[in-house]
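# using only what follows, build the 3D model:
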Amino acid sequence: MSKRDYYEVLGVARTATDEELKKAYRRMAMKYHPDRNPGDAVAEASFKECKEAYEVLADAGKRRMYDAHGHAAFEGGMGGGGGGPDMNDIFGDIFGNIFGGGGGSRGPRRGADVGYVMELDLEEAVAGVERRIEIPTLVECSPCHGSGSEDGKVETCSTCQGRGQVRMQRGIFAMQQACPHCAGTGKQIPNPCKTCRGAGRVEDEKVLQVKIPAGVDTGDRIRLQGEGEAGPPGTSPGDLYVEVRVREHAIFQRDGDDLHCEVPIRISQAALGDTVRVATLEGEAEIRIPAETQTGKLFRLRGKGVQSVRSRAPGDLYCRILVETPVNLTAEQRKLLEQFEATFTAESSRKHSPKSATFVDGIKGFWEKMKP
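Predicted structure coming up:
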């Protein structure tokens with residue numbers, strides 16, 4: 001029975017990225033895993049099929065060979081018979097090997113890195129926090145302790161004789177390639193573990209306590225070495241990268257180490273002056289509002305911002321004044337405001353409302369210039 005196309009097995013396009021391949025493999029592996037389908041021979045065969053497809057397509061060197069020659073790339077020596085090799089593919093492999101390309105094609109690959117996004121409130125980001133997280137990933141198989149062997153016995157690979165690499169001949173060109181039978185480890189398992197089927201790792205959820213340092217901001221990443229996906233037998237695990245995202249705050253907006261907020265005050269407070277209390281990260285503070293304060297005026301409270309993980313001194317808090325128009329007036333309040341408004345005349349507007357007078361003069365000048 002002929003093998004199905006590996007891209008078809010994983011349900012992805014031939015242009016799929018490494019991340020798309022990984023997601024597709026995880027989805028298929030979870031669907032057909034023997035632990036979820038006990039006694040189902042069809043599901044077990046599908047699981048092995050998608051595992052084989054991913055092992056080839058996830059390796060840059062193997063994927064190039066497969067794209068050029070299909071399943072024939074791993075059957076026999078590739079030297080004789082059939083159509084000629086693709087020259088672009090050949091030169092790509094050669095130059096990749098010379099200049100360090102090809103990534104994992106030279107030997108066994110370690111486990112993949114894992115990313116996790118952690119959302120925090122501003123208070124948590126400023127003070128630091130410890131969080132318990134659960135990550136679905138590949139973890140070391142417990143029964144075989146990651147060896148992939150049911151009885152602990154591992155033998156030298158009969159294909160590469162333990163070297164982990166084989167010599168591939170393509171016409172007049174020859175090159176070293178990771179052994180396709182042992183994935184570059186140089187070892188083979190005669191009695192694979194029944195739990196992980198020799199993979200040395202299984203799908204599970206890893207539970208971790210993660211400490212987030214004080215002062216982090218959106219975009220900051222914390223690296224936890226060795227907490228990513230478990231690697232194939234004999235290799236090291238990947239790393240876990242926790243990326244921070246700080247939620248929007250009801251009062252403060254963060255700009256680096258500085259904080260910004262709006263402080264609403266009444267018209268009477270703005271006109272007569274007053275002392276108002278404002279919130280800071282450490283509690284309350286007072287701002288003295290001078291008489292005749294206008295909307296937009298900034299007050300700076302030094303050291304009331306954020307001390308980030310990169311700075312020694314905290315930033316500042318900038319309070320922007322917002323003069324509010326009163327609403328839901330009583331009849332008495334409305335009457336008082338009407339009496340107050342009646343005290344203004346056209347002549348006194350320049351004295352009492354300088355910005356308004358400047359605006360009116362500007363409009364008049366504009367229309368004068370627009371006249372033909």
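# low-confidence regions, the protein specifically.
Where the chain drops to pLDDT under 70, the residues are 1-2, 75-108, 169-174, 346-372.
# so which residues of this protein form helices?
All helices of the chain, identified by DSSP state H, fall at 6-10, 18-32, 41-57, 60-69, 87-98, 122-127, 267-272, 331-342, 349-352, 354-370.
# and the first one, what other elements does it pack with?
Secondary-structure packing of helix 6-10 (3 or more C-beta pairs under 8 Å, 6 or more residues apart in numbering; DSSP states H and E): helix 18-32, helix 41-57. (C-beta placed from N, C-alpha, C; glycine too.)
# now the longest one: buried residues?
Think helix 41-57. Buried residues in helix 41-57, counted by 16 or more other C-beta atoms under 10 Å: 43-44, 46-47, 49-51, 53-57.
# how about these in CSV, adding distance to Glu282?
Formatted as CSV, these follow (distance: C-beta to C-beta, whole Å):
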residue, distance to Glu282
Ala43, 59
Glu44, 61
Ser46, 59
Phe47, 56
Glu49, 60
Cys50, 55
Lys51, 55
Ala53, 57
Tyr54, 52
Glu55, 55
Val56, 58
Leu57, 54
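# from Leu122, how far off is Arg110?
37 Å (C-beta to C-beta, to the nearest Å).
# for Gly305, same thing?
Note on Gly305: its distance to Leu122, by C-beta to C-beta, is 12 Å.
# more neighbours: which of these two?
Shown here are Gly305 and Leu122; by other C-beta atoms under 10 Å, Gly305 has more neighbours (26 against 20).
# how close does the nearest residue to the more buried one once chain neighbours are set aside get to Ser308?
Leaving aside its sequence neighbours, Gly305 sits nearest to Gly315 (C-beta to C-beta, 6 or more residues apart in numbering; 2.9 Å). Separation of Gly315 from Ser308 (C-beta to C-beta) stands at 8 Å.
# pretty sure Ala178 is one of the things Trp59 touches, is it not?
For the record, residue 59 is Asp, not Trp. Yes: counting by C-beta atoms under 8 Å, Ala178 is a contact partner of Asp59 at 7.1 Å.
# for the residue nearest to Met168 when sequence neighbours are not counted, list each beta-bridge partner.
Take Met168 and drop its neighbours on the chain: the residue closest to it by C-beta to C-beta, 6+ apart is Gln177, 4.6 Å away. Beta-bridge partners recorded for Gln177 (DSSP bridges): Val166.
# how near is Gln177 to Leu329?
Distance from Gln177 to Leu329, by C-beta to C-beta: 83 Å.
# what's the neighbour count on Arg277?
If you count neighbours by other C-beta under 10 Å, Arg277 ends up with 10.
# I figured it hits Arg288, correct?
No: with contact defined as C-beta under 8 Å, Arg277 does not count as touching Arg288 (11.1 Å).
# check contacts around Ala43.
Residues near Ala43 by C-beta atoms under 8 Å, 6 or more residues apart in numbering: 32-34, 36-37.
# which one among the residues you listed gets closest to Asn191?
Checking the contacts of Ala43 against Asn191 with C-beta to C-beta, the nearest one is Pro34 at 16.8 Å.
# contact partners for that closest one?
40, 43-44, 47, 197.
# so who does Ser147 touch?
154, 189, 193, 200, 233.
# Glu243 now?
So Glu243 contacts 115-118, 219-221 (C-beta under 8 Å, 6+ apart).
# same thing but at 10 Å, please
115-119, 218-222 (C-beta atoms under 10 Å, 6 or more residues apart in numbering).
# any of the residues you listed buried? List them.
Here, 16+ other C-beta under 10 Å leaves 116, 118, 220, 222 buried among the contacts of Glu243.
# show me what the second one is bridged to.
Translated: Met118. When bridges are called by DSSP bridges, Met118 pairs up with Val244.
# quickly note the distance from it to Arg221.
As judged by C-beta to C-beta, Met118 and Arg221 stand 10 Å apart.
# so what sits against both of those two?
What both Met118 and Arg221 touch, as defined by C-beta under 10 Å, 6+ apart, is the set 242-244.
# make CSV out of those and add distance to Leu272.
As requested, those are exported to CSV (distance: C-beta to C-beta, whole Å):
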residue, distance to Leu272
Val242, 51
Glu243, 49
Val244, 44
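# what's near enough to touch Glu150?
Taking C-beta under 10 Å, 6+ apart, one finds 143-144, 189-196, 198 in contact with Glu150.
# hmm, which of those residues are the buried ones?
Buried subset of the contacts of Glu150 (neighbour count, 16+ other C-beta under 10 Å): 144, 189, 192-193, 195-196, 198.
# pull the most distant pair out of those residues.
Farthest pair in these (C-beta to C-beta) is Ile189 and Thr195. Separation: 13.0 Å.
# that older thread, which neighbours do Gly315 and Ser308 share?
Contact criterion C-beta under 10 Å, 6+ apart; residues shared by Gly315 and Ser308: 215, 254, 256-257.
# could I get the CA-only coordinates of stretch 259-267 as PDB?
C-alpha atoms of stretch 259-267 as PDB (Å, rounded to 0.1, in the frame of the first residue of the first chain):
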ATOM      1  CA  LEU A 259       2.400  56.900  34.900                       C
ATOM      2  CA  HIS A 260      -0.300  59.300  33.700                       C
ATOM      3  CA  CYS A 261      -3.700  59.900  35.000                       C
ATOM      4  CA  GLU A 262      -6.600  62.500  34.800                       C
ATOM      5  CA  VAL A 263      -7.800  64.400  37.800                       C
ATOM      6  CA  PRO A 264     -11.300  65.800  37.400                       C
ATOM      7  CA  ILE A 265     -12.100  68.900  39.400                       C
ATOM      8  CA  ARG A 266     -15.100  71.300  39.500                       C
ATOM      9  CA  ILE A 267     -15.300  74.700  37.900                       C
END
